[in-house]
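Colleague: I'd like to go over a predicted model; first the sequence, then the structure.
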Protein chains: 2
Amino acid sequence: MTNIDDVARLAGVSTATVSRALRGLPTVSAATRRRVLAAAEQLEYAVSPSASRLAGGRTGTVAVVVPRITRWFFGTVVEAVEDLLQQAGYDLLLYNLGGREQVRQRVLRTANLHKRVDAIMLVATPLRPADLTALTKLKLPGVTISSGTVVPGWPCVRIDDVGVARTATRHLLDLGHRRIAHISGDPDDELAYTTHLDRRRGYREALADAGIDPDPCLDVESQFTISGGTRATEELLRRGDPPTAIFAACDEMAMGAMTALRDSGLRVPQDVSVIGVDDHDLASVLGLSTIAQPAAEQGRLAARILLDPLHGGARSSWGGPYLDTPGEPVILPTRLIVRESTAAPRAH
Amino acid sequence: MTNIDDVARLAGVSTATVSRALRGLPTVSAATRRRVLAAAEQLEYAVSPSASRLAGGRTGTVAVVVPRITRWFFGTVVEAVEDLLQQAGYDLLLYNLGGREQVRQRVLRTANLHKRVDAIMLVATPLRPADLTALTKLKLPGVTISSGTVVPGWPCVRIDDVGVARTATRHLLDLGHRRIAHISGDPDDELAYTTHLDRRRGYREALADAGIDPDPCLDVESQFTISGGTRATEELLRRGDPPTAIFAACDEMAMGAMTALRDSGLRVPQDVSVIGVDDHDLASVLGLSTIAQPAAEQGRLAARILLDPLHGGARSSWGGPYLDTPGEPVILPTRLIVRESTAAPRAH
DNA sequence: CTGAAAGCGCTTACAG
DNA sequence: CTGAAAGCGCTTACAG
């Protein structure tokens, strides 16, 4: 294949000049630049990323780590992030943990990412102390999304998970419900980690504010998926004395709950109200009440934060227009959307 | 950072030996290998991918191109592909076209991918003649998924889209429907390309087999999304004399159709039956009848085909265990799943 | 089984 | 504004 020497020869300049011209550096005369570009085009020259990276020290690549790309939130985040990275000329290396501990370790624990990427984005990735040590050693810029993923020194974009849960629960309380169940993440589930703890806390706080003692029978743990929601709800119904309302920790669980309720002959919302979190694409199709969170916006913001210092900005200083207080997470707003899945409980 | 020289020095061998030992080449004595591994671990050494790629000529990276990662089919495919690539030690470079023509051109038209990846997977990517020329020039191994994406010399994994549409339509005919509408992809939509043509053909063939002339009023084009399905169905209802059944080209469109029907006061399946294609995660939640296609399996198969020759196999010869007839596409089976959204039309 | 040396294809001070 | 030269950190024949 044609390399930089071929272009230099054809354009009648040195390889250094070709390199500068092609990268748009200002220290090249217009005429020279034109000749170089013409030569490059004529030869269909494309720089070798490996050579460029080795010599220049930059990879032009960002690693994006998500628990499961097939879940609505993560797919939406990745799509938004890819868009911005693409615009900025960066490649996106995708790591879909998929609950595989081995992969998690290879990505987070080893120096695997070291010379492979310029920056790291961790989305809702559970982190153990050893992971933090390893990430810190990498000395790469990074950003996280989700309250459960906190790396000292890295900016974090997230929503207020406790507040979200309070709002959802309060909505049910305002409708007159007293027996409100919560289905959420399993502590054994690598993917759920602390987000579900925050949401449970908000749920309990809202109950407490209403003077209701949390009933352990109404609190079931499962996975953050449709089938997880189905299983949790089946378990809930098995325990007897069913709730009049269910607050699911995410829309996918809520959808699973709706399925389980239907299969048990219970109607939503006449017999049981259901509310989730996310505003999943299909929430409106299902008439699911939910707390909407801006998934794409969180991805966009995180990408911008990452790209900012990457673009010649001072790598050492996070901040700029996106982080007023570098140490504080950026918390994006959420909002209650009432649809058909929540209503007042029937009078007894 | 520590480099190969540091490891060589500590282990008391040459860098060539370190390189061989770390890569597990057989021409290294057990004792030497042990010393090298110990030294590498002690120094927390990680090879520089750029240097390794430049010297070795292999990138250990595969480009995966999808129209929209947020659509069920593509997310599912990518997840399966990532799993296999990860296991084989390959990085996954994600390109989410997202209908951005500029990105499409940058990825497909330029030699951008040239030294960046070892192989390319194109999932349901519309290809123009100029794209084919560019891809062929790259001389990289590749594989495609979907009947609409055909690159001469590249293996293709897909389903029988015409057959799928015939089966879906015949199911509705068997139930007694005669006025069967079809909602499918828009020819202006970069993402729909030929898959929707195949599905329309199957729809028409099934109608013809039943002695029914296709009614253009019952054939509406829109996008392969939930909102596309909603819009198409609204258009369908606007035209008057509504159908008794709708065959949607994918489950997401079918879900949109269900929403539009509900919002118009029509019940599914009492007033209108709806069937889709995919067996989307949520199809069972919605009780949607559909033609299931193996998304993850298509991804897995395509990944295996790609990895096979990559693993030291002869790059020139596709085939092996996965392709009996190299020129022929691998066609995976689909199956009809009848749920609650399809039923016999009401007697007039 | 192991090493010395060339080379992969760029970018970056440095000098002019 | 431009060029000569060193160097980025590996892998690969080649030789032994």
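Modeller: Arrived safely, thanks for sending.

Colleague: for the residue nearest in space to the middle of chain A, give its distance to DNA strand C.
Modeller: For chain A, the residue sitting closest to the mean C-alpha position, by C-alpha atoms, centre = their mean, is residue A:123 at 4.0 Å. Residue A:123 sits at a distance of 30 Å from DNA strand C (criterion: C-beta to the nearest atom of the strand, to the nearest Å). Every C-beta, even on glycine, is put in place using the N, C-alpha and C of the backbone.

Colleague: contact partners for that residue?
Modeller: Counting by C-beta atoms under 8 Å, 6 or more residues apart in numbering or on different chains, residue A:123 makes contact with A:64-67, A:74, A:77-78, A:144-146, A:149, A:299, A:302.

Colleague: one more time with 6 Å
Modeller: A:66, A:77, A:145 (C-beta atoms under 6 Å, 6 or more residues apart in numbering or on different chains).

Colleague: which element is residue A:94 on?
Modeller: Using DSSP states H and E, residue A:94 sits within strand A:91-96.

Colleague: between the contacts of residue A:123, which has the most around it?
Modeller: Counting neighbours by other C-beta atoms under 10 Å in any protein chain shown, residue A:145 comes out on top of these with 31 neighbours.

Colleague: would you map the strands across the stretch 51-200 of chain A?
Modeller: Remark: strands assigned in the stretch 51-200 of chain A by DSSP state E, counting those that start in this stretch are A:61-66, A:91-96, A:119-123, A:142-145, A:156-159, A:180-185.

Colleague: would you mind giving the ones you listed as TSV with mean pLDDT and distance to residue A:232 added?
Modeller: As requested, the strands of the stretch 51-200 of chain A are exported to TSV (pLDDT from 0 to 100; distance: least, C-beta to C-beta, whole Å):
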stretch	mean pLDDT	distance to residue A:232
strand A:61-66	94	23
strand A:91-96	94	24
strand A:119-123	94	24
strand A:142-145	93	25
strand A:156-159	94	22
strand A:180-185	93	4
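
Colleague: JSON lines for those, including distance to residue A:293?
Modeller: JSON lines is the format used below for the strands of the stretch 51-200 of chain A (distance: least, C-beta to C-beta, whole Å):
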{"stretch": "strand A:61-66", "distance to residue A:293": "16"}
{"stretch": "strand A:91-96", "distance to residue A:293": "21"}
{"stretch": "strand A:119-123", "distance to residue A:293": "13"}
{"stretch": "strand A:142-145", "distance to residue A:293": "11"}
{"stretch": "strand A:156-159", "distance to residue A:293": "5"}
{"stretch": "strand A:180-185", "distance to residue A:293": "16"}
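
Colleague: between those strands, which gets nearest to residue B:163?
Modeller: Between residue B:163 and the strands of the stretch 51-200 of chain A, the shortest gap by C-beta to C-beta is with strand A:91-96, which sits at 31.3 Å.

Colleague: from residue A:80, how far off is the residue nearest to the centre of chain A?
Modeller: Separation of residue A:123 from residue A:80 (C-beta to C-beta, to the nearest Å): 11 Å.

Colleague: then residue A:154?
Modeller: When distance is defined by C-beta to C-beta, residue A:154 is 19 Å away from residue A:80.

Colleague: and if you look at residue A:1?
Modeller: 35 Å.

Colleague: related to what we said a few turns ago, nearest to residue A:263, out of the strands of the stretch 51-200 of chain A?
Modeller: Across those, residue A:263 has its closest neighbour in strand A:180-185 (15.5 Å, C-beta to C-beta).

Colleague: chain center to the closest one, what's the gap?
Modeller: Centroid separation for strand A:180-185 versus its chain: 22 Å, with C-alpha atoms, centre = their mean, to the nearest Å.

Colleague: export it to PDB, keeping only CA atoms.
Modeller: What follows is strand A:180-185 as a C-alpha-only set of coordinates in PDB (Å, rounded to 0.1, in the frame of the first residue of the first chain):
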ATOM      1  CA  ILE A 180     -46.900  -0.400  47.600                       C
ATOM      2  CA  ALA A 181     -44.400  -3.100  46.500                       C
ATOM      3  CA  HIS A 182     -40.900  -2.500  45.100                       C
ATOM      4  CA  ILE A 183     -39.100  -4.700  42.700                       C
ATOM      5  CA  SER A 184     -35.500  -3.900  42.200                       C
ATOM      6  CA  GLY A 185     -32.000  -5.200  41.500                       C
END
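
Colleague: need the contact partners of it.
Modeller: Residues from elsewhere that reach strand A:180-185 (C-beta under 6 Å, 6+ apart): A:172, A:192, A:196, A:199-200, A:203, A:218-221, A:224, A:232, A:236, A:243, A:245-249, A:253.

Colleague: picking that back up, dump the contacts of residue A:123 to a markdown table, plus distance to chain B.
Modeller: Output for the contacts of residue A:123, formatted as a markdown table (distance: C-beta to the nearest C-beta, whole Å):
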| residue | distance to chain B |
| --- | --- |
| A:66 | 10 |
| A:77 | 10 |
| A:145 | 16 |
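
Colleague: residue A:33 belongs to a strand?
Modeller: No: counting by DSSP: H, G, I helix; E, B strand; the rest coil, residue A:33 is not found in a strand; it is helix.
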